[in-house]
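> this is a predicted model, with the sequence first.
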Amino acid sequence: VYYICDNCDTRTNLPFAWDRYSWQIKQSLDLNGMVDAAALLSGGAGGASGCYGALGEEECGNDERTRKQKQHNYEWLCVMQPGELRDPRRTVRLNVEVVSSMVDNEEEEEDDVPYFLQRNGRSVVYKITGVCDFFLYKMMRRIVGTIVAIGKRDADLEDLKRCIDAYDNYDDDNDDDNDNDDPRRRTTTKIPAKLLQTAPAKGLCLDHIEYGIAI
């Protein structure tokens, strides 16, 4: 789980929890853009295969070809050492939502929000939830950084889709060049720098771990 506060500046009075355990961003974020980015980055979501598995859209088989259709190649969104044997093709589910913590409106009573989460003013708190069969090093933080880049309008969804497709279509079995250990050099696709930012660690927390479940 990752928490973000937007519209934060020196005059923003954030409660202790959000000040210490969220990524504060000065400008406002585009929620719809971030939701669309999360859908693109979620394994299988919106893909041409129509295979969504545990996402609830459509059931599919467990053969190797179907498994790959449900996954994305996250090599460009994690840190991998040359020769590392971990498979970068992972199954991920992402969700972006607004956290309700405003207390200065008539529709919400102050008692409904714990005092250490209460906030006032223009700032909005976003919660990005990620479920994965195996998170690679810095993978969640880089996914969040990419989603925020879309939310800040520093990059667009077409660039993101182009990068995802380039790495999803890369076939490791056809790569016989042993000198090509850097995953970012395996395709000719240029990844915009704004899509490669790593979100700070302070907004990230592990919610829970489950075993033996379908992703």
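Looks like it came in fine.

> who touches the host helix or strand of residue 162?
Residue 162 is part of helix 157-168, with elements assigned from DSSP states H and E. Helix 157-168 is contacted by residues 33, 36-37, 40-41, 72-76, 146, 150, 183, 186-187, 189, 191-192, 195 when judged by Cβ atoms under 8 Å, 6 or more residues apart in numbering. Using the backbone N, CA and C atoms, a C-beta is placed for each residue, glycine as well.

> pLDDT on it, on average?
For helix 157-168, mean pLDDT is 91.

> what ranges does the chain have for its helices?
For the chain, applying DSSP state H gives helices covering 16-21, 31-41, 64-69, 139-151, 157-168.

> could you give me the buried positions within the first one?
If you call a residue buried by 16 or more other Cβ atoms under 10 Å, then helix 16-21 has these buried ones: 17, 18.

> which helices and strands does it pack with?
strand 2-5 (3 or more Cβ pairs under 8 Å, 6 or more residues apart in numbering; DSSP states H and E).

> how about the strands in this structure?
Counting by DSSP state E, one finds strands in the chain at the ranges 2-5, 23-24, 72-73, 89-90, 92-99, 125-132.

> okay if I get the ones you listed as TSV plus mean pLDDT, mean neighbour count and distance to residue 168?
Output for those, formatted as TSV (pLDDT from 0 to 100; neighbours: other Cβ atoms under 10 Å; distance: least, Cβ to Cβ, whole Å):
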stretch	mean pLDDT	mean neighbour count	distance to residue 168
strand 2-5	92	24	23
strand 23-24	90	20	28
strand 72-73	90	23	5
strand 89-90	88	18	8
strand 92-99	92	18	13
strand 125-132	93	19	16
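
> can you put these in a markdown table and add distance to residue 202?
Output for the strands of the chain, formatted as a markdown table (distance: least, Cβ to Cβ, whole Å):
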| stretch | distance to residue 202 |
| --- | --- |
| strand 2-5 | 9 |
| strand 23-24 | 7 |
| strand 72-73 | 26 |
| strand 89-90 | 24 |
| strand 92-99 | 16 |
| strand 125-132 | 14 |
